[in-house]
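>>> dropping the sequence and predicted coords here.
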Amino acid sequence: MKFVKIRVIRNSMNINNHDTSTKKTVVIGVSGGIACYKAIEVVNQLKKDGYNVEVIMTKAAQQFVTPLTFQTMSHNAVVTEMFDPVVKWDTKHIDLAKAADVFVIVPATANIIGKIANGIADDMLSTTVMAVKSPVLIFPAMNTAMYENSIVQENIQKLIKHGYHVFGTASGELACGDIGTGKLLDWQEIVTEIRKFL
Ligand SMILES: Cc1cc2nc3c(=O)[nH]c(=O)nc-3n(C[C@H](O)[C@H](O)[C@H](O)COP(=O)(O)O)c2cc1C
């Protein structure tokens, strides 16, 4: 199997030394992988930077971490449902898509990558990302065999072709015990990449 090299940028920039004079909005989509815990640090750092951070979680993501954790870190209500009872009339998926200066999916499962690549919008995250016009940054994380699966690789290439910024993964020991690619980048690297778009 042949794999196309995906850009991974390593940067030793000081994580706390970033100028945020204007308050921008970063929407973070969290999909359901074991690396969800790293997204907490990403949200925490961006909030400390002074950005407005909004979080959307898939149902699977909520099996790994709770919305309460992201709500506490972001100081915003976390969006989880497409069809919440209407308290104040809005079309949340469109509002969030418009509000995003940068839209980030971290971690990005094989499933969400496949859904976006194939135009599927069947939950809050996949529906919102379809309406986004600002840069979309995708940080995949999955088991090595899943990551190397030719369909997943094809989906990633399709997303890149359509202008999505899909980042590479790190190599190392995965949660399942396998050793190889597919590991989510360190949260510091992810924050560094996000800041480049703000
Ligand atoms: C313990 C556990 C860990 C998982 N880790 C990952 C993962 O790292 N990457 C991935 O693509 N799927 C992983 N999955 C499978 C996803 O949770 C599953 O495909 C789910 O449907 C993803 O839904 P979502 O993309 O809507 O969040 C894991 C499942 C379990 C039970």
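Right, received. Where do you want to start?
>>> now name the helix or strand holding the residue nearest to Ala175 when sequence neighbours are not counted.
Spatially, and ignoring its direct neighbours in sequence, Ala175 is nearest to Ile34 (4.3 Å; CB to CB, 6 or more residues apart in numbering). Any C-beta I mention is one placed from the backbone N, CA and C, and that applies to glycine too. Ile34 is part of no helix or strand, with elements assigned from DSSP states H and E.
>>> how near is Ile34 to Lys161?
Using CB to CB, to the nearest Å, one obtains 29 Å as the distance from Ile34 to Lys161.
>>> what packs against the worst-scoring helix or strand of the chain on mean pLDDT?
Scoring the helices and strands of the chain by mean pLDDT, DSSP states H and E places helix 92-99 at the bottom, with a mean of 85. Applying 3 or more CB pairs under 8 Å, 6 or more residues apart in numbering; DSSP states H and E, one finds that helix 92-99 contacts strand 25-30, strand 52-57, helix 124-130.
>>> any idea which of those is most buried?
Most buried of those, by mean neighbour count (mean count of other CB atoms under 10 Å): strand 25-30, with a mean of 27.
>>> pretty sure Val152 contacts Gly114?
Yes - under the contact definition of CB atoms under 8 Å, Val152 touches Gly114, with a separation of 7.2 Å.
>>> so Asp186 sits right up against Ala170, yeah?
Yes - with contact defined as CB under 8 Å, Asp186 and Ala170 form a contacting pair (7.1 Å).
>>> and Ile34 and Lys161? Which one has more around it.
When Ile34 and Lys161 are compared for neighbours, Ile34 comes out ahead with 15 against 9, by other CB atoms under 10 Å.
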